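Engineer: Have a look at this fold, sequence not included:
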Ligand SMILES: Cc1ncc(COP(=O)(O)O)c(C=O)c1O
């Protein structure tokens, strides 16, 4: 009799103290005292007893806009992670029959939100160089139903980043064709030269941001959307968090953003060193390769097609036998998910040591087991 299917997340959470968490692009490198001290102060003051100021504390709002380089009067919705903002804005701005130009692979929860509105995505295959959208290909997809372009930069899961000229060209298409431009910049701090699309299409762009990855606060759930005030107001009508976002999350995000210039450069350096070490070990495994290197984010895909090992089997093998949690690609790409695992690497070097030791062993073990006796 077969039991319920293996739940990797349940297993990993139950074993979280032993697991090297390379599966969700979370950041495990933030100096812990920053959040610890801020939260301890807020708990001592019992700030959790009252509702927060609903739009978000003025201090936090000012820090977010400054971090993104937007003026103080710009529109801003603070939400429970970027995810909630993505839900709100698709609900508010898309109608049944609308089309959104997007990619495959992509961060598919956004596609799901789009579909919930009765709209659909037109997914451009980008699992080949340059592993991202290009303005020419976007332009070729624009039709009378097109309402929005989804520009995730840097892109989860591949780690590709957009050069400034490509951002400009895509933004100009949005402007010229009166399309909304959803610019998800969750990973921008990890990029060498991030560009905001709002610079080139200020009226059309909604910028979705988050403190989950840059500030290592994924568990606290805080992010949002910045847009011109009228557009932000339209989105805000769908804000279910009418009483404001968790006050402890706001306090932690404030402390992290205020001090980010001091500690983020070291995190970025460590993240780059880590991805170089992963590249070295991937190069030693016949058939495996990295489509994108260096990643402009804190993750990339490792293509394992030619190893003849399935990403799901590899995820399970690495997690159960080695306590290393990477993610099979199928939740990030209907078409190409069977070809890669995604690994994130804003982790301490010890976690990367464990990846380096376990990846070749796991591929070998699965190959041996699959070989005819
Ligand atoms: C591209 C992208 N956007 C948005 C999010 C949502 O982040 P959060 O809701 O934690 O802010 C993620 C999370 O992985 C992501 O990869």
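Structural biologist: Good, I have the coordinates. Since the model is a prediction, treat every value here as computed from it, not as a measurement. Numbering: from 1, shown residues only.
Engineer: switch to C-alpha atoms for all contacts and neighbour counts from now on
Structural biologist: Will do.
Engineer: All the helices of the protein, residue numbers only.
Structural biologist: In chain order, the chain shows helices spanning 8-14, 32-44, 58-68, 81-93, 108-116, 135-141, 164-176, 229-236, 247-283, 311-322, 349-370, with DSSP state H as the criterion.
Engineer: Of these, which stretch is the most buried?
Structural biologist: Sort the helices of the chain by mean neighbour count, taking mean count of other Cα atoms under 10 Å, and helix 81-93 sits at the top with a mean of 22.
Engineer: and that helix with helix 247-283, angle?
Structural biologist: Our comparison of helix 81-93 with helix 247-283, counting by axes from the mean of the first three to the mean of the last three Cα atoms, to 10 degrees, yields an angle of 100 degrees.
Engineer: any idea of the angle helix 81-93 forms with helix 229-236?
Structural biologist: 100 degrees.
Engineer: So helix 81-93, near the ligand or not?
Structural biologist: Yes - interface with the ligand: helix 81-93 contributes 81-83 (Cα under 6 Å from any ligand atom).
Engineer: Let me see the mean pLDDT of that helix.
Structural biologist: Averaged across helix 81-93, pLDDT comes to 98.
Engineer: tilt between that helix and helix 108-116?
Structural biologist: Using the same axes, to 10 degrees, helix 81-93 lies at 20 degrees relative to helix 108-116.
Engineer: Adding distance to residue 222, write the residues of helix 81-93 next to the ligand out as TSV.
Structural biologist: Shown next, in TSV, are the residues of helix 81-93 next to the ligand (distance: Cα to Cα, whole Å):
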residue	distance to residue 222
81	4
82	7
83	9
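Engineer: residues touching residue 35, list them.
Structural biologist: 252, 255-256 (Cα atoms under 8 Å, 6 or more residues apart in numbering).
Engineer: Could you export those to JSON lines, including columns for pLDDT and distance to residue 138?
Structural biologist: Supplementary listing: the contacts of residue 35 in JSON lines, determined by pLDDT from 0 to 100; distance: Cα to Cα, whole Å:
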{"residue": "252", "pLDDT": "98", "distance to residue 138": "39"}
{"residue": "255", "pLDDT": "98", "distance to residue 138": "39"}
{"residue": "256", "pLDDT": "98", "distance to residue 138": "36"}
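Engineer: Nearest residue to the residue of the stretch 101-250 of the chain found nearest the ligand in space, please, no chain neighbours.
Structural biologist: Taking Cα to the nearest ligand atom, the ligand has its nearest neighbour within the stretch 101-250 of the chain at residue 210, 4.3 Å off. Counting by Cα to Cα, 6 or more residues apart in numbering, residue 223 is the residue found nearest to residue 210 once chain neighbours are left out, at 3.9 Å.
Engineer: Starting from residue 14, give me the distance back to the one you found.
Structural biologist: Note on residue 223: its distance to residue 14, by Cα to Cα, to the nearest Å, is 27 Å.
Engineer: hmm, back to that, mind putting the helices of the chain into JSON lines with distance to residue 152?
Structural biologist: As requested, the helices of the chain are exported to JSON lines (distance: least, Cα to Cα, whole Å):
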{"stretch": "helix 8-14", "distance to residue 152": "25"}
{"stretch": "helix 32-44", "distance to residue 152": "28"}
{"stretch": "helix 58-68", "distance to residue 152": "15"}
{"stretch": "helix 81-93", "distance to residue 152": "12"}
{"stretch": "helix 108-116", "distance to residue 152": "10"}
{"stretch": "helix 135-141", "distance to residue 152": "14"}
{"stretch": "helix 164-176", "distance to residue 152": "11"}
{"stretch": "helix 229-236", "distance to residue 152": "19"}
{"stretch": "helix 247-283", "distance to residue 152": "19"}
{"stretch": "helix 311-322", "distance to residue 152": "24"}
{"stretch": "helix 349-370", "distance to residue 152": "26"}
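Engineer: Can you say which of those helices is nearest to residue 75?
Structural biologist: Residue 75 lies closest to helix 229-236 among those, at 4.0 Å (Cα to Cα).
Engineer: Name the residues that touch that closest one?
Structural biologist: Residues outside helix 229-236 that contact it (Cα under 8 Å, 6+ apart) are 73-77, 88-89, 91-93, 225-226.
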